[in-house]
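Enquirer: give me the fold of what follows.
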Amino acid sequence: MELRHFRYFTAVAEQGGFTKAAAMLYVSQPTLSQQIRALERELGVPLLLRAPDGVRMTAAGEVFYAHAEAVLRMVDEAARATRRAAAEPSVLRVGGSPPIPRAVHVPIASAFSAAYPHVRLTWQETTLPDPERPLLEDEVDVSLVRLPVDAERVLWEPIIDEPCGLAVPVGHPLWELDSVDVADVLEEPMPNVGDAVPESMKRWWLMPEARNGEYPKAVGEPVTTVTELALSVVLNEVVCPAPFLYVKTAAVHGFRALELRDGPCSSTGVARRRDDRRALPRLFCELAAKVAAELPL
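Expert: Residues are numbered from 1 along each chain as shown. A predicted model of the protein is given here:
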């Protein structure tokens, strides 16, 4: 039994006859008929019932068709994956969710370009509400993203840490402090995070586990961007946990950044898709981790 037998049989079954299948396969009808009969002899069962108006599958034929179709799908995917692995890109698409701690992307890009001068790097900014989406949808090859990440589909390695921050509006009782504990903010209302934000991100930053599974009181209209979150803090006089740099660099006045002790981890890491077997994305991630580890504190 050869691979062509699988292709011939599925073509006849799907076209409902030998004439159309032969034309589609660019073989003669007698040749196709002979190959199907040879397949039936090898299996020892009839696969097709032949009639003047066409053919239909026997019960055994339907079973064989299901398996043949699965085999052909696997063969086609193996061919595509092999071609992808062999065709290393001359362009590596890099995503990043700014602000990036200590501008670590600059030395990483410089080191990669020096090591692989034949590869051109392109950059795409990834933002809320879903910084992983460009990576998972194959819009970028690697990405610098903060936790949380989809560990089932993404290989992620932390490369740099920053404190967890808390945005606090002017006049708030916590305003004069430089840092607070998570326990001090659990009863505080927070911005109304919209449905466009992934549930994993909501749970990470709004910490329902620390409230027996309850989310904080949501105030204001739904928000999805960093600027909208910052405006909600100011206009609705609420607090909001976030990576410290998000709080420090938001283009909105009227609040300050505190450190949220024992808050959600806000590590930035380098990520690639688990199903991407190409060498360059892996090499970029390995080099990024090495460069970040060697940066002076």
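
Enquirer: who's in contact with the residue nearest the centre of the chain?
Expert: Closest to where the C-alpha atoms of the chain average out (CA atoms, centre = their mean) is L136, at 2.3 Å. Contact analysis of L136 by CB atoms under 8 Å, 6 or more residues apart in numbering lists D150, R153, V154, R273. All C-beta atoms are positioned from the backbone trio N, CA, C, and that covers glycine.

Enquirer: okay, the residues you listed in JSON lines with neighbour count next?
Expert: Shown next, in JSON lines, are those (neighbours: other CB atoms under 10 Å):
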{"residue": "D150", "neighbour count": "15"}
{"residue": "R153", "neighbour count": "13"}
{"residue": "V154", "neighbour count": "18"}
{"residue": "R273", "neighbour count": "21"}
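
Enquirer: which of those residues sits closest to R282?
Expert: Nearest to R282 among those, counting by CB to CB, is R273 at 10.7 Å.

Enquirer: report the two of the contacts of L136 separated the most.
Expert: D150 and R273 (9.8 Å).

Enquirer: mind listing which of the contacts of L136 are in helices?
Expert: In helices, judged by DSSP state H, none of those are found.

Enquirer: closest to V234 among the residues you listed?
Expert: The closest of these to V234 turns out to be D150 (CB to CB; 31.9 Å).

Enquirer: and the nearest residue to the closest one once chain neighbours are set aside, how far from P189?
Expert: Spatial nearest neighbour of D150, chain neighbours left out: E132 (6.0 Å); criterion: CB to CB, 6 or more residues apart in numbering. Distance, E132 to P189, using CB to CB, to the nearest Å: 28 Å.

Enquirer: more neighbours: which of those two?
Expert: Using other CB atoms under 10 Å as the criterion, E132 and P189 rank with E132 on top: 23 against 16.

Enquirer: now for M57, how many residues are close by?
Expert: Look at M57: counted by other CB under 10 Å, it has 18 neighbours.

Enquirer: wait, what's in contact with the closest residue in space to it that isn't next to it in sequence?
Expert: Distances taken as CB to CB, 6+ apart put A13 closest to M57, at 5.6 Å, once the chain neighbours are dropped. If you count contacts by CB under 8 Å, 6+ apart, A13 has them with L48, V55, M57, G61, Y65.

Enquirer: how far does the helix or strand encompassing A13 sit from the chain's center?
Expert: Secondary structure from DSSP states H and E places A13 in helix 3-15. Taking CA atoms, centre = their mean, to the nearest Å, the mean C-alpha location of helix 3-15 is offset from the chain mean by 36 Å.

Enquirer: what's the domain layout of the chain?
Expert: Split into domains by automatic domain parsing, the chain comes to 3-86, 91-160+267-294, 164-261.

Enquirer: tabulate those domains (a markdown table), appending mean pLDDT.
Expert: Supplementary listing: the domains of the chain in a markdown table, determined by pLDDT from 0 to 100:
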| stretch | mean pLDDT |
| --- | --- |
| domain 3-86 | 90 |
| domain 91-160+267-294 | 93 |
| domain 164-261 | 91 |
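
Enquirer: those helices in the stretch 101-250 of the chain, which residues are they?
Expert: Secondary structure of the stretch 101-250 of the chain (DSSP state H, counting those that start in this stretch): helices at 105-115, 133-136, 199-206, 226-236, 244-249.

Enquirer: and the second one, which residues are buried?
Expert: It stands for helix 133-136. Under the neighbour-count criterion of 16 or more other CB atoms under 10 Å, helix 133-136 has P134, L135, L136 buried.

Enquirer: same check, this time on the third one
Expert: Of the residues in helix 199-206, those buried under the neighbour-count criterion (16+ other CB under 10 Å) are M201, K202, W204, W205, L206.

Enquirer: that one to helix 226-236, inter-axis angle?
Expert: Between helix 199-206 and helix 226-236, the angle comes out at 50 degrees (axes from the mean of the first three to the mean of the last three CA atoms, to 10 degrees).

Enquirer: what's the offset of helix 199-206 from the middle of its chain?
Expert: So, by CA atoms, centre = their mean, the centroid of helix 199-206 is 17 Å from its chain's centroid.

Enquirer: great, nothing more from me.
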